[in-house]
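Visitor: mind folding the following:
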Amino acid sequence: MKLADVTTEEYLHHGGMACPGCGAYLGLRLALKALGKNTILFNVTGCIATTLIMGVTKIPYIHTLFENGPAIASGTDFGLRILGKREGVNLLVYAGDGGTADIGLQSLSGAIERGHDFIYICYDNESYMNTGGQRSGTTPLGAITTTTPVGKKISGETRPLELKKDMLEIVAAHGTPYVASASIAYPMDFMDKVKRAAETKGPAYIHLFATCPTGWGADPSKTIEIARLAVQTGLVNLFEIINGERRITVKVRSRKPVTEYLKHQRRFKHVLENPDLINALQEYVDKKCARLGID
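Guide: Numbering: from 1, shown residues only. Next comes the predicted model:
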C-alpha cells in the first residue's frame, strides 16, 4: 500500500473527545481508511468508547462491554450469514489492552476458537487509561500507574518481565490465520496489515502500539516520535504471522538504547534514576529481539 492509495475519505466525524495526541484514536482513523465504509465497528468499553459515544462514526457502530466485544461480533457474523448479507462486510472489534489482555480475553479466545470471520485490533496504551490509568496485563516494567505508584518500597510496575502478557503469541497459539503487530508511527505498515486482515478468511488479530500522552506523562506533540522510538529501541517489534509463518515487516538496522524511549515519559522518570531497572529492561529487549531473529 502506497501513500497515494490512501483514501481522503474520513469515516469519523469531527467532534471526537479524544485527548490531544491520542494514539488510539489515530489508530482507529487509519484502520477505517484501510477497511472502508462496508465496516461494522464493535468498540469495547475504554478510552475510544468514551470519545465515540457522541456519535462521531460514519459507519454502523456498536458499543460493547469490556468482556463481550468478540461475542457480539460473533453473533453478528452468524446473523449476517443467515440473512445472506455477510459477503463484503468487515466486522472490526476495536479494544484496549484491558479489554483484550484481561477482561475480554475469554471472549476473544472463544471467538477465535470458533473460527468466526472478524478483525480484532487491540490498541495497547499499556494500562486502563479510561478509568485513570490502572495497571493492566500489558503494563511494562517500572511504569507508574495509579495502582503501581512509586515510593520508598514500591518502584512502579515490578513484575518479572516475562509475565507481561504477550498477546501476539497467545493469539497465535490458537492457530489464528493472521496475527500481526503494528504501531501508529508506521501507518503504511499498519494499514497494509489491516487490509491483509480483511482479506483473511476467519479471525485476524492486530496488536497496535498506541501512545497515550495523558497517561504516560508525555508531550502530545511527540506521540509519533515516542511510538517510533519504541520500535527503534526494540521494545516493540513489527511482524506478522500468516498461518504460523512469521515475517518481520519493519527491520531496525541499529537499535537505540531503551533510555532513548524512556526519557520522554514521566511514568519512567524514576526508572532513569535506577541502573538496575534500566539494565533489566535492556536485557529483556535484547533477549526478545534475539529470539525473534531481529539482531
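Visitor: now do the helix ranked longest in the chain: distance to the chain's middle.
Guide: Ranked by residue count under DSSP state H, the longest helix found in the chain is helix 275-292. Helix 275-292 sits 21 Å away from the centroid of its parent chain (C-alpha atoms, centre = their mean, to the nearest Å).
Visitor: go on, stretch 269-285?
Guide: Here stretch 269-285 is found 24 Å from its chain centre; the criterion is C-alpha atoms, centre = their mean.
Visitor: let me see the contact set for the spatially closest residue to residue 184 that is not a sequence neighbour.
Guide: Taking C-beta to C-beta, 6 or more residues apart in numbering as the measure, residue 184 lies nearest to residue 23, with 4.6 Å between them; neighbours along the chain are not counted. Backbone N, C-alpha and C define where each C-beta goes, glycine included. Residues touching residue 23, when contacts are defined by C-beta atoms under 8 Å, 6 or more residues apart in numbering, comprise 123, 125, 184, 209, 210, 211, 212, 223, 227.
Visitor: pick out the most distant pair among these.
Guide: Using C-beta to C-beta, these reach their maximum pairwise distance at 123 and 223, which is 12.8 Å.
Visitor: that older thread, mind checking how far the residue nearest to residue 184 is from residue 227?
Guide: Computed as C-beta to C-beta, to the nearest Å, the residue 23 to residue 227 distance reads 6 Å.
Visitor: which secondary structure element contains residue 122?
Guide: strand 119-124 (DSSP states H and E).
Visitor: what residues of the very next helix or strand once past that strand count as buried?
Guide: Along the chain past strand 119-124, the next helix or strand (assigned with DSSP H and E) turns out to be helix 167-172. Buried residues in helix 167-172, defined by neighbour count with 16 or more other C-beta atoms under 10 Å: 167, 168, 170, 171, 172.
Visitor: contacts for helix 167-172, please.
Guide: For helix 167-172, the external contacting residues (C-beta under 8 Å, 6+ apart) are 97, 100-101, 105, 108, 112, 122, 124, 138, 179-181, 205, 207, 241, 244.
Visitor: keep only those of those that are in strands.
Guide: Filtering the contacts of helix 167-172 for membership in strands, criterion DSSP state E, returns 122, 124, 179, 180, 181, 205, 207, 241.
Visitor: the nearest residue to the second one once chain neighbours are set aside and residue 78, how far apart?
Guide: Meaning residue 124. Distance criterion C-beta to C-beta, 6+ apart; nearest residue to residue 124, sequence neighbours excluded, is residue 97 at 4.6 Å. When C-beta to C-beta is applied, the distance between residue 97 and residue 78 equals 27 Å.
Visitor: settle it for me: which of these two has more neighbours?
Guide: Neighbours of residue 97 and residue 78, each counted by other C-beta atoms under 10 Å, are more numerous for residue 97; the result is 27 against 14.
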